[in-house]
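> return a 3D structure for these sequence lines:
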Amino acid sequence: MRFTPVGVSDAYDATDSFPGACRILQNLILDQSNSELVVARPGVGLPITSFGAFNTPTQVTVSCSVGNVIYGMVSTALTPGYDQPFAYNIGGAFTTITGITALNVPTSPAVSGDWTPPTMEIIGTKVIVTHPGFSGANFFGVIDISNPAAPVWSAGNTTVHTLPSVPISVSNFNNRAYFSCGNTLWYSDVLAPTVMTNAGQSLTVGDPTPIVAQSGLSVQTSSAGVVGALMVFKQFQIWQVIGDAAISGSLSLNFLSLNVGCVSPRTVTQTPIGTLFIGMDGPYTITPLGAIMALAKDMSKITADIQAPFQSMTSPSRAVGAFSGSIYRVCIETVRDGVNVTDDYWFDITRRRWSGPHTFPYDNCCQVGNYFVLSNRKLGAMFFTSSYLPTSGSVYNDNGSAINVQLKSANFPKTQNINMKQVVESTIELSSISKTLSYLISAVGEDFQQLSSATINLDNNSPIWGIGTWGIGRWTSGTNVPKTYTLNWSGPLVFKKMALQIFASGTSNLSIGTFFAKYRDAGYTNV
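Sure thing, here's the model as predicted:
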């Protein structure tokens, strides 16, 4: 029998899920160069900034990036109980934003439970901020970045014609700001996100339930080729806006689904395979053809490999997602094995498989180039960088804490023979470059009780060939090539079905490959 880890699944048994299904790939990701290996994910290291120039910063509530500059809102003691805008240049320093007063900033949101998350969008030379803490004459905030070296903050409402209520969210479509107020989308003038020249620059979307999020999507059509569309999400509906008011008769609204929607506004993310989001029963994608599909290995599957963590979310509106390179990642507050946890799951769009749960929690995330910038309200106002690819500069700690990896497979194999099985010999592919590393390996039964265990210690600290006395060393390479090791189990390994469990310390040297076992019929049906 063979087991090669390829992705995470809810299934306890891999037979009808997929070969290589794992219950847990904690802090392990799919090797981008070798489809049969999983490797340790890079850590986030120490924070790149802790907002030290601010007066008692407590949490980052929203952020977005423009090049190497991150704009966002952070709660501070400048105006106690309120959020203030900031601009941070990655690898540099904060740029002072002028115009902030106690009268034009929003009230800081609650730090727990469901909420209406703030949103940010860039339209022209302005960053528009919606925030549940706005009230009175201030309906939304604006960071004017026409001069990036001297950004200016203001707050108010649209001019000429005003929004009827504080907007829930904002998005950019055809260089207009589309604000959601209840079940209505109000759109600004082109490249003038604070101006609505004409009365009735709006679209009423379906029933009276409120809009929770919007996102753009390029859509393929048979007649017009690729056109732009705005996806509009309610909790249980999805609508599509196409066209523009400037082109007579082209602006239209169509429903995509009247029973599938989005319960986690911050998970809506644009990717090369479509717009991804988390619905009430799991992860979904809206394809460029406008089809709403489960985020799965192929189009023929109607359910995703993992759904249970998303169905068990304790605060769905707190979930946050982002995309960079080939990874869509989602961090959620959920219940796993009866325990409240914050888990981070990664979906590799090239392999179309999940990994995780990863153990660094965050509640705010934005893409900057080929990496992510994260923050976590429970750690205070700090930014961490997270790469989805291991590099020579990767660190393997999270805020100073060592990363530990865990692999736990689903049960295997389910064969046509109903008898118990007895392992005769078994091997596993592991690696470690020029470093001592221990792999703790267990075989567990269907009842999760340990059947047997083994430890493999890799010690590659002997001299490289040709250094010191000729011939005493080994040949070595900078490539993390796995080697096949024999598993010397601590006792008999007899089972109907088994699962493999592996623990190790996360390093750049770690990789786990295929487990092979030779087994024979034990001659009886059950213990």
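> okay, now the nearest residue to Gly182 once chain neighbours are set aside: neighbour count?
Counting by Cβ to Cβ, 6 or more residues apart in numbering, Gly182 lies nearest to Pro210, which is 5.2 Å off, once chain neighbours are set aside. For glycine as for every other residue, the C-beta is placed from the backbone atoms N, C-alpha and C. When neighbours are counted by other Cβ atoms under 10 Å, Pro210 registers 16.
> secondary structure element for Ala296?
Assigned by DSSP states H and E, Ala296 falls within no helix or strand.
> can you tell me the centre-most residue of the protein?
Arg329 (1.5 Å; Cα atoms, centre = their mean).
> can you classify that one by secondary structure?
In three-state terms, and counting by DSSP: H, G, I helix; E, B strand; the rest coil, Arg329 is strand.
> same question for Phe310.
Per three-state DSSP, Phe310 ends up helix.
> that older thread, distance of the residue nearest to the centre of the chain from Val142?
Arg329 is 30 Å from Val142, where distance means Cβ to Cβ, to the nearest Å.
> check Ser17 too.
49 Å.
> please apply the same query to Val62.
Distance of Val62 to Val142, given as Cβ to Cβ: 14 Å.
> check Leu451 too.
Distance from Leu451 to Val142, by Cβ to Cβ: 63 Å.
> could you list the low-pLDDT ranges of the stretch 351-500 of the chain?
432-435, 459-480 (pLDDT under 70).
> correction: the previous question concerned the chain.
Residue ranges of the chain with pLDDT under 70: 218-226, 432-435, 459-480.
> how about 50 then?
Per-residue confidence for the chain (pLDDT under 50) gives these ranges: 220-225, 472-478.
> and the residue nearest to the centre of the chain, bridged to which residues?
Ala322, Trp346 (DSSP bridges).
> got a list of what Ser250 touches?
When contacts are counted by Cβ atoms under 8 Å, 6 or more residues apart in numbering, Ser250 touches 242-244.
> with neighbour numbers in mind, choose between Ser17 and Val142.
Neighbour count, other Cβ under 10 Å: between Ser17 and Val142, Val142 has more, with 21 against 16.
> residues touching Gly182, list them.
Gly182 makes contact with 165, 168, 208, 210-211, according to Cβ under 8 Å, 6+ apart.
> Leu256: which of the residues you listed is nearest?
Within those, the smallest distance to Leu256 is 13.8 Å, found for Ile211 (Cβ to Cβ).
> looking at it, the closest one is touching Gln235, isn't it?
No - using Cβ atoms under 8 Å, Ile211 is not in contact with Gln235, being 9.7 Å away.
> ok, those two, which is more surrounded?
Between Ile211 and Gln235, counting by other Cβ under 10 Å, Ile211 is the more crowded of the two (25 against 19).
> which of the contacts of Ser250 fall within strands?
Among the contacts of Ser250, DSSP state E puts Ile242 in strands.
> dump the contacts of Ser250 into CSV; add distance to Val263 and neighbour count as well.
Converted to CSV, the contacts of Ser250 look like this (distance: Cβ to Cβ, whole Å; neighbours: other Cβ atoms under 10 Å):
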residue, distance to Val263, neighbour count
Ile242, 25, 18
Gly243, 28, 17
Asp244, 30, 16
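> now render the contacts of Ser250 as CSV, adding distance to Ser426.
What follows is the contacts of Ser250, written out as CSV (distance: Cβ to Cβ, whole Å):
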residue, distance to Ser426
Ile242, 57
Gly243, 62
Asp244, 63
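> list just the nearest of the contacts of Ser250 to Thr334.
Distance ranking of the contacts of Ser250 against Thr334, using Cβ to Cβ, places Ile242 first at 35.3 Å.
> which of the helices or strands spans the residue lying closest to that closest one once chain neighbours are set aside?
Excluding the flanking residues, the one nearest Ile242 by Cβ to Cβ, 6+ apart is Ala229, at 4.9 Å. For Ala229, the host element (DSSP H and E) is strand 225-233.
> would you list every one of the strands in the stretch 301-450 of the chain?
Listed in chain order, the strands of the stretch 301-450 of the chain (DSSP state E, counting those that start in this stretch) span 320-324, 327-336, 339-348, 353-358, 364-368, 371-376, 380-387, 397-398, 401-402, 404-409, 421-431, 437-444, 450-458.
> now for those, which one comes closest to Asn89?
strand 364-368 (10.7 Å).
> sorry, back to before: residue contacts, the residue nearest to the centre of the chain?
Going by Cβ under 8 Å, 6+ apart, Arg329 touches 321-323, 344-347, 365, 372, 388.
> quick one: it and Val339, what's the gap?
Taken as Cβ to Cβ, the span from Arg329 to Val339 is 21 Å.
> equivalent analysis for Gln406, please.
Taken as Cβ to Cβ, the span from Gln406 to Val339 is 15 Å.
> looking at these two, which is more packed in?
Between Gln406 and Val339, Gln406 has the larger neighbour count (other Cβ under 10 Å), namely 19 against 7.
> excluding chain neighbours, what is closest to the more buried one?
Nearest residue to Gln406, sequence neighbours excluded (Cβ to Cβ, 6+ apart): Gln26, at 4.1 Å.
> so can I have TSV of the contacts of Gly182 showing secondary structure?
Converted to TSV, the contacts of Gly182 look like this (three-state DSSP):
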residue	secondary structure
Ser165	coil
Ile168	coil
Pro208	coil
Pro210	coil
Ile211	coil
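> distance to Thr287 added to these, as JSON lines?
Converted to JSON lines, these look like this (distance: Cβ to Cβ, whole Å):
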{"residue": "Ser165", "distance to Thr287": "33"}
{"residue": "Ile168", "distance to Thr287": "26"}
{"residue": "Pro208", "distance to Thr287": "29"}
{"residue": "Pro210", "distance to Thr287": "26"}
{"residue": "Ile211", "distance to Thr287": "22"}
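> which single one of the residues you listed is nearest to Leu437?
Ile168 (49.5 Å).
> rewinding a little: what lines up beside the strand holding Ala229 in the sheet?
Partners of strand 225-233, by DSSP bridges, with direction: strand 213-221 (antiparallel), strand 238-242 (antiparallel).
> quick one: buried residues of it?
Neighbour counts over strand 225-233 (16 or more other Cβ atoms under 10 Å) mark 229-233 as buried.
> dump those residues to JSON lines, plus distance to Ala150.
JSON lines is the format used below for the buried residues of strand 225-233 (distance: Cβ to Cβ, whole Å):
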{"residue": "Ala229", "distance to Ala150": "36"}
{"residue": "Leu230", "distance to Ala150": "32"}
{"residue": "Met231", "distance to Ala150": "35"}
{"residue": "Val232", "distance to Ala150": "35"}
{"residue": "Phe233", "distance to Ala150": "36"}
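> now for these, which pair is the farthest apart?
Ala229 and Phe233 (12.9 Å).
> measure Asn198 to Thr130 for me?
Asn198 is 22 Å from Thr130, by Cβ to Cβ.
> sorry, wrong one. I was asking about Leu289.
With Cβ to Cβ as the criterion, Leu289 and Thr130 are 30 Å apart.
> which one of those two is surrounded by more residues?
Neighbour tally, Leu289 and Thr130, criterion other Cβ under 10 Å: the higher count belongs to Thr130, 26 against 11.
> would you list the phi and psi of the more buried one?
Dihedral pair for Thr130: phi -100, psi 150, per degrees, to the nearest 10.
> tell me the bridge partners for it.
Beta-bridge partners recorded for Thr130 (DSSP bridges): Thr119.
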